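Student: Pasting the sequence and the predicted coordinates here, then a few questions.
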Amino acid sequence: MKIFVTGGAGYIGSHVVKALGREGHDLLVFDNLSTGHEWAVLYGQLIKGDLSNMTLLKKLMKEFNPEAVIHFAASIQVEESVREPLKYYEDNVCNTINLLKAMKLAKVRNFIYSSSAAVYGIPVNVPVDETADMKPINPYGATKAVVEQILKDMSAADDFRYIALRYFNVAGADTDGHIGQLYKNPTHLITRALKTAKGEFEKLSIYGTGYPTPDGTCIRDYIHVDDLARAHVQSLDHLMDTKKSDIMNCGYGHGFSVKEVVSTVKKVTGIDFPVEEAARRAGDPPALVACSDRLKAKTGWEPRHDDLEFIVKTAWKWEKDLTRKAYAA
Ligand code: UDP
């Protein structure tokens, strides 16, 4: 199938491109390479471009004429979104509207959307399921909720259908070791902890120890990026079969506190790196854990790497390989 993938050179996008490429799909990857990398695109054709460029989008959509679009390209940092909300509304909402307009013009009717657990805000029930209200507590989550509303309205109005995948905390690296996370300024916990173990950072800050959780630190549901990639492949198959819009959580159904993640990283790396207790980070909810029963029941998805140590091991291998590559370069 012909699939147009925005943000396919990024961390999650590149793992999904690999999973789709292996299945023999014909991929056009559209990425402005602001945080993505050319080397991460293992399948398909990469076109460097920005979603603000309507002319290019319309042209590509018409010429490539995909059956489906998977949309990863977005700004993703919660704290930055609190400081720079306009950037987030522009990148995540305006640019998605451009993409949807170009799709409408070219009569492309199938859409997989990268949404987020951040749409829930502070959920009343943990694990949270998709019937919970969207009450985001930061601009990042608000942009994802606005786009979900747009998609809902479009699918009611038009011959258009979508699946919004609400990601929980995506972590780890490709089990083959080919691709992984590489940001100029990484903010994610596991990556920062591993880089501290490597000596790239002096110490790891734990953002907040007074949350209403058993050890006072935030709880998150960490899902391996390869499991998330398969969730995309299976959701797309499901969408093409049923032609029905849906929303699905992607997580494992149990969480780990920041302190538990730090101990796991210390155990896996064998390095007792310095850790400090610091102030809370703006926009962080205390606990986010997914109920992913709907994803399992409707698409047949099952986790293969539901093991925090395994997740950290794959990310650690990737981090060490990055160091070797940097020395070799
Ligand atoms: N966190 C932390 N120190 C760090 C990075 C993150 O204590 O250096 C915490 C963060 O406050 C949150 C959790 O780890 O409670 C997961 O944060 P991350 O940025 O990995 O993902 P998010 O939940 O924001 O998507």
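Tutor: Alright, I've got the coordinates. Numbers count the residues shown, from 1 in each chain.
Student: Do you know the pLDDT at the closest residue to the ligand within the chain?
Tutor: Closest approach of the chain to the ligand (Cβ to the nearest ligand atom) occurs at Cys218, with a separation of 3.0 Å. All C-beta spots, glycine's among them, are computed from the backbone N, C-alpha and C. Per-residue confidence for Cys218 comes out at a pLDDT of 98.
Student: residues contacting it?
Tutor: Cys218 makes contact with Tyr207, Gly208, Tyr211, Ser257, Val258, Asp284, Pro285, Pro286, Ala287 under the criterion Cβ atoms under 8 Å, 6 or more residues apart in numbering.
Student: mind checking how far stretch 59-73 is from the chain centre?
Tutor: Taking the mean of its C-alpha atoms, stretch 59-73 sits 19 Å from the chain's own mean (Cα atoms, centre = their mean, to the nearest Å).
Student: any idea which element Asn125 lies in?
Tutor: Using DSSP states H and E, Asn125 sits within no helix or strand.
Student: residues touching it, list them.
Tutor: Neighbours of Asn125 in contact, by Cβ under 8 Å, 6+ apart: Ala132.
Student: Tell me the predicted confidence for it.
Tutor: Predicted confidence (pLDDT) for Asn125: 93.
Student: out of the contacts of Cys218, who has the most neighbours?
Tutor: In terms of neighbours by other Cβ atoms under 10 Å, the contacts of Cys218 top out with Val258 at 24 neighbours.
Student: ok so, going back, filtering the contacts of Cys218 by proximity to the ligand, which remain?
Tutor: Restricting the contacts of Cys218 to those adjacent to the ligand (criterion: Cβ under 6 Å from any ligand atom) gives Tyr207, Val258, Asp284.
Student: In helices only, show me the residues you listed.
Tutor: Using DSSP state H, Val258 are the members of the ones next to the ligand among the contacts of Cys218 that sit in helices.
Student: For stretch 51-65, what is the distance to the chain centroid?
Tutor: Computed by Cα atoms, centre = their mean, the chain-centroid distance of stretch 51-65 equals 24 Å.
Student: Could you give the average pLDDT over it?
Tutor: Per-region confidence: stretch 51-65 scores 98 on mean pLDDT.
Student: What parts of this protein come near the ligand?
Tutor: Applying Cβ under 6 Å from any ligand atom, we find that the chain lies next to the ligand at 78, 169, 187-189, 192, 204-207, 218, 220, 258, 281, 284.
Student: What is the nearest of those residues to Ala106?
Tutor: Proximity of the residues of the chain next to the ligand to Ala106 (Cβ to Cβ) peaks at Val78, which lies at 33.3 Å.
Student: Report the contact partners of that closest one.
Tutor: Residues near Val78 by Cβ under 8 Å, 6+ apart: Ala118, Asn138, Tyr140, Gly141, Arg281, Ala282, Gly283, Asp284.
Student: In this structure the last one contacts Tyr207, no?
Tutor: Yes: under the criterion of Cβ atoms under 8 Å, Asp284 makes contact with Tyr207 at 6.6 Å.
Student: could I get the ones next to the ligand among the contacts of Cys218 as a markdown table with distance to Leu99 and pLDDT?
Tutor: Formatted as a markdown table, those follow (distance: Cβ to Cβ, whole Å; pLDDT from 0 to 100):
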| residue | distance to Leu99 | pLDDT |
| --- | --- | --- |
| Tyr207 | 33 | 98 |
| Val258 | 35 | 98 |
| Asp284 | 29 | 92 |
